[in-house]
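Peer 1: Next come a sequence and a model predicted from it.
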Amino acid sequence: MLLLIRPRHHRRFRAVLNDSFRLRREVFEADRADEIGLEHDAFDGNPASYLVDLDDAGRVIATVRATPGSAASPVCADVPRGADVAEISRLCVDPWLPREQRLQTVLRLRAGMAQLFGRRGWTRGLVVGHDRHIQAFVRSGMTVRLLGPPVLLPGDSQLSFVVLASEPGRPERAAELMAGDPVRLRDPDEDLSLFTRYGDRAVA
C-alpha cells in the first residue's frame with residue numbers, strides 16, 4: 001500500500017517515517033547496518049513529501065522523497081527552480097525482498113510518484129543517481145536532460161548524474177508508463193482512517 005505523507009502530516013506518521021529512515025540507513029549505509037540509527041539529512045523536514053510502501057503487516061518495504069524545486073538540494077549550478085519542478089531522492093527498497101518483488105515495488109513507487117506529480121502540478125523531476133538509476137527513466141519513455149558533468153557525492157564511490165526528467169505532452173499517461181498494474185496512492189486527506197491505522201496515536 002502506497003501511503004502519501006505530506007509535510008503537515010510528518011508528526012502524525014512519525015513512526016512510519018522513522019521506519020523508512022531505518023530502511024534508508026540499511027540501504028545507503030550498508031556497512032553500518034548493524035548499528036541502531038536513522039538515515040536522514042537536511043532535506044528531510046518541511047517541505048518534503050514521502051511515499052512509503054507498506055506491506056500487509058504495515059512494515060515499510062520501500063520509500064522515496066519528493067521535494068519542491070524551490071527547496072531542492074544544490075547538487076549543481078544548473079539546477080532548475082520553479083513551481084513545476086520537484087526533486088526525487090532517497091528512493092530505496094528493502095534489500096531482503098526477492099528480486100521480482102523488489103522490481104514490482106520500484107514500479108509501484110514510480111507510478112505513485114507520477115500520481116503525486118499530477119496532484120501537485122509538477123511536470124519536471126530533478127533526479128540524482130548512478131547511471132543504472134537514470135536508465136530506468138529513459139526506458140520508461142521520459143525525456144531526460146543531463147544537467148552539468150557527473151559528480152562524485154560525499155561517501156560515494158560511483159559518479160552520479162544530475163538529470164531533469166519530464167513526460168512532455170502526456171502527463172496523464174505517466175502512471176501507465178511507469179507501472180503495468182493500477183496503483184492507488186493513499187492520501188490521509190482523502191481517507192481519515194489512515195491516521196488510525198498507521199498514524200501515531202500519541203499525537204493523532
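Peer 2: Thanks, I have the structure now. Residues are numbered from 1 along each chain as shown.

Peer 1: hey, where'd the helices end up in this structure?
Peer 2: For the chain, helices defined by DSSP state H occupy the ranges 14-28, 99-120, 131-139, 174-178, 193-198.

Peer 1: got a markdown table for those helices, with mean neighbour count too?
Peer 2: C-beta here means a position set from N, CA and C on the backbone, and glycine is covered the same way. Listed next are those as a markdown table, based on neighbours: other Cβ atoms under 10 Å:
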| stretch | mean neighbour count |
| --- | --- |
| helix 14-28 | 19 |
| helix 99-120 | 18 |
| helix 131-139 | 14 |
| helix 174-178 | 19 |
| helix 193-198 | 15 |
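
Peer 1: Out of those helices, name the one with the poorest average pLDDT.
Peer 2: Among those, helix 174-178 carries the lowest mean pLDDT, a mean of 50.

Peer 1: Would you check that H40 makes contact with L23?
Peer 2: No: between H40 and L23 there is no contact under Cβ atoms under 8 Å: 11.5 Å.

Peer 1: Give me the common contacts of these two.
Peer 2: Shared contacts of H40 and L23 (Cβ atoms under 8 Å, 6 or more residues apart in numbering): none.

Peer 1: Give me the phi and psi angles of the residue nearest to S70 when sequence neighbours are not counted.
Peer 2: Leaving aside its sequence neighbours, S70 sits nearest to R81 (Cβ to Cβ, 6 or more residues apart in numbering; 5.7 Å). Note on R81: backbone dihedrals following degrees, to the nearest 10 are phi -120, psi 160.

Peer 1: Could you count how many residues lie near R81?
Peer 2: Applying other Cβ atoms under 10 Å, we find 12 residues neighbouring R81.

Peer 1: Same question for M1.
Peer 2: Counted with other Cβ under 10 Å, the neighbours of M1 add up to 16.

Peer 1: now it: how far from I61?
Peer 2: In this view, M1 and I61 are 10 Å apart by Cβ to Cβ, to the nearest Å.

Peer 1: Overlap of the contact sets of those two?
Peer 2: Common neighbours of M1 and I61 (Cβ under 8 Å, 6+ apart) are 53-54.

Peer 1: And the residue nearest the centre of the protein?
Peer 2: In the chain, the C-alpha nearest the mean C-alpha coordinate belongs to V64, at 1.9 Å (Cα atoms, centre = their mean).

Peer 1: mind listing what the closest residue to that one other than its chain neighbours touches?
Peer 2: Closest residue in space to V64, ignoring its immediate chain neighbours: L91 at 4.1 Å, by Cβ to Cβ, 6+ apart. Each residue near L91 by Cβ under 8 Å, 6+ apart is listed here: 62-65, 106, 109, 133.

Peer 1: Nearest to F161 among those?
Peer 2: H133 (8.3 Å; Cβ to Cβ).
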